[in-house]
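Undergrad: 3D, please:
(2 chains)
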Amino acid sequence: QSVLTQPPSASGTPGQRVTFSCSGSSSNIGSNTVNWYQQLPGTAPKLLIYNNNRRPSGVPGRFSGSKSGTSASLAISGLQSEDEADYYCAAWDDSLSGVVFGGGTKLTVL
Amino acid sequence: EVQLVQSGAEVKKPGESLKISCKGSGYTFSTYWIAWVRQMPGKGLEWMGVIYPGDSDTRYSPSFEGQVSISADKSITTAYLQWTSLKASDSAMYYCARRGDGYSDFHFWGQGTLLTVSS
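TA: Here you go, the predicted structure:
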């Protein structure tokens, strides 16, 4: 059972917009920034969004992040087949004094 | 170019010891925290702990404290993850990652080290 809650799966068709949710509590998302990672099959995770809504250089603008209260969201617009991957949210947890990850959402592009 | 290069895959027996490595290059190694992240087969990411190579300040996840040791040698820009007595349940992929300015933003990742523990 992960501290941050993500739906296990999501799907969309090419060109569509999809969103992923990440639910936490006051000790993690509610008081710290959220980061999102993309893990393509058989590869290391890659930072997609940091500090709630900032994109590292090289990440396309069709990826965006937001946070409200104790929840956060990742959105992908103009879905592409190469976006098929696992997506994880992460935040610092003040109560646990450590980084907590969500269980991940597996995105299937139909 | 920032790079984290991890040591190769390992196959060990229960009870054996192991130290895997993560060599950083392309940046000032001693000034960025390095974290270790576990991914068990078919499962999600788990933060194990983090070390600041500049002074070896180390923090562990409560889930991993006492189970592993994290260390670093800044003279050779390398971080380590060590076990003294492996268990089959330690079989997983282990990633090192360089932290940014926040606590949970890992901007650069190693390629991973696959550990298999089996009798």
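Undergrad: Quick check: closest non-adjacent residue to residue B:35.
TA: Nearest residue to residue B:35, sequence neighbours excluded (CB to CB, 6 or more residues apart in numbering or on different chains): residue B:50, at 4.3 Å. C-beta coordinates here come from the backbone N, C-alpha and C atoms, glycine included.
Undergrad: Now the helix or strand hosting the one you found - C-alpha only, CSV.
TA: Secondary structure from DSSP states H and E places residue B:50 in strand B:45-52. The C-alpha trace of strand B:45-52 is given here as CSV (Å, rounded to 0.1, in the frame of the first residue of the first chain):
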residue,chain,number,x,y,z
LEU,B,45,9.5,2.7,-6.8
GLU,B,46,10.6,2.8,-3.2
TRP,B,47,13.0,5.4,-1.8
MET,B,48,15.7,3.7,0.3
GLY,B,49,17.8,6.6,1.5
VAL,B,50,20.1,9.4,0.5
ILE,B,51,23.6,10.6,1.0
TYR,B,52,25.4,13.9,0.6
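Undergrad: Give me the residues contacting it.
TA: For strand B:45-52, contacts defined as CB atoms under 8 Å, 6 or more residues apart in numbering or on different chains pick out A:37, A:39, A:45, A:88, A:90, A:98-101, A:104, B:33-40, B:57-61, B:63-65, B:68, B:70-72, B:79, B:81, B:94, B:99, B:104.
Undergrad: Could you tell me which of those count as buried?
TA: Neighbour-count burial (16 or more other CB atoms under 10 Å in any protein chain shown) applied to the contacts of strand B:45-52 gives A:37, A:39, A:45, A:88, A:90, A:98-101, A:104, B:33-39, B:59-61, B:64, B:68, B:70, B:72, B:79, B:81, B:94, B:99, B:104.
Undergrad: Do I have it right that residue B:108 meets residue B:96?
TA: No - under the criterion of CB atoms under 8 Å, residue B:108 makes no contact with residue B:96, lying 9.2 Å away.
Undergrad: Pull up the overlap in contacts between those two.
TA: Common contacts of residue B:108 and residue B:96 (CB under 8 Å, 6+ apart): residue B:4.
Undergrad: Neighbour count for these two, which is higher?
TA: Between residue B:108 and residue B:96, residue B:96 has the larger neighbour count (other CB atoms under 10 Å in any protein chain shown), namely 31 against 22.
Undergrad: And residue B:37, how far from residue A:11?
TA: From residue B:37 across to residue A:11, the span is 27 Å (CB to CB, to the nearest Å).
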